[in-house]
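1. only geometry, no sequence info:
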C-alpha cells in the first residue's frame, strides 16, 4: 500500500516557465514532508521540507505547498531552468514506531527544455 | 559539509559471490539506511540501523544482511549475489531531524 504517491512519472516544461510537481499521501498522521532531487548516477539531495503546521514554505525558486484536507502537497519551481532536470521524490517520516524512516514516492522525472 | 561516502561507484560481480557494500558518514548521525533504486519502483528500503549493532528490516530485506560495528560505518552484504540484485544501491544517514543525506550510490551489476 503506497502511502506517498507521485502519480505523474514525468513532466516536461519550457525554460523560464513554472514546474509543478505533485504528491498525494494517505496517512493523515504524517506531519512533515520533504522533497529530494536526484540526478542520474548520483544520490538524492535534500531540497526543501514543510511541517504540517504550515501551508507554504519557500526557498528561492522552490516553494512547497501543503493542503492537509486534501492530503496533497506540491513543489513549485519558478522559473524553471535546464539544470532543474532531474527526478524529484517526495517523502514523509514514518508515522509508526520508527519515525526516522522515510516513506518515498516513486518519483517524477522533470525535464526542462531550453 | 555533510558527507556520506560509498566505497565503490560501480561493481561487477558474478552470481553466487558474496558482495560487500560499504558506507561511511562523517556527521555523527545515529541513523543509517540502505536503499535500492530501480526504474519505476522508486527508492526501496532494504535495512536501516538506529544505533551501533542495532538493525531493523526495511521493505525488501530478503537476500541481504547488514553490519554496523561502528557509528560511522554501515555495511550491506549480499550473501550470494543473484541477477535480480542488479541495481543502484544508495546509503543514507540522518539525525533526529529526519533529513536523510545520501551517498553517490553504487551501481551493482550481477552477471
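-> Nice, I can see it. Since the structure is predicted, the reported quantities are computational estimates derived from the model, not experimental observations.
2. which bits of chain B sit near chain A?
-> B:4, B:9, B:30-31, B:33, B:40-43, B:45, B:48, B:50, B:56, B:58, B:90-92, B:94, B:96, B:98-105, B:107 (CB under 8 Å from any CB of the partner chain). Quick note: C-beta positions are derived from backbone N, CA and C, even for glycine.
3. separation between the residue nearest to the spatial centre of chain B and residue A:63?
-> Closest residue to the average C-alpha location of chain B: residue B:34 at 3.0 Å, with CA atoms, centre = their mean. Plainly put, residue B:34 is 32 Å away from residue A:63 if you go by CB to CB, to the nearest Å.
4. could I get the full set of strands for chain A?
-> A:4-5, A:10-14, A:19-25, A:32-38, A:45-51, A:56-59, A:62-67, A:72-77, A:86-93, A:102-104, A:108-113 (DSSP state E).
5. kindly report the same for chain B.
-> For chain B, the strands defined by DSSP E occupy B:4-6, B:10-13, B:19-25, B:31-38, B:42-51, B:54-57, B:64-70, B:73-78, B:87-94, B:101-102, B:106-110.
6. these two touch, right, residue A:39 and residue A:86?
-> Yes: shown here, residue A:39 and residue A:86 form a contact pair, counting by CB atoms under 8 Å, at 5.1 Å.
7. out of the two, which sits in the more crowded spot?
-> Each of residue A:39 and residue A:86 has its neighbours counted (other CB atoms under 10 Å in any protein chain shown); residue A:86 has more, 21 against 12.
8. mind pulling up the pLDDT for the more buried one?
-> With respect to pLDDT, residue A:86 scores 97.
9. any idea how far it lies from chain B?
-> Distance, residue A:86 to chain B, using CB to the nearest CB, to the nearest Å: 13 Å.
10. got a list of what residue B:101 touches?
-> If you count contacts by CB atoms under 8 Å, 6 or more residues apart in numbering or on different chains, residue B:101 has them with A:46, B:2, B:4, B:25, B:27, B:29, B:92-94.
11. partners of it in the sheet?
-> Applying DSSP bridges to residue B:101 gives these bridge partners: residue B:93.
12. if we can go back for a sec, out of the contacts of residue B:101, which two sit at the greatest distance?
-> Using CB to CB, the two most remote members of those are A:46 and B:25, lying 14.3 Å apart.
13. compare the two (neighbour count), which wins?
-> A count of neighbours by other CB under 10 Å puts residue B:25 above the other of residue A:46 and residue B:25, at 22 against 16.
14. okay, and the beta partners of residue A:19?
-> residue A:77.
15. please name the nearest non-neighbouring residue to residue A:35.
-> Excluding its sequence neighbours, the residue lying closest to residue A:35 (CB to CB, 6 or more residues apart in numbering or on different chains) is residue A:47, at 4.5 Å.
16. any idea how far the one you found is from chain B?
-> Counting by CB to the nearest CB, the gap from residue A:47 to chain B is 10 Å.
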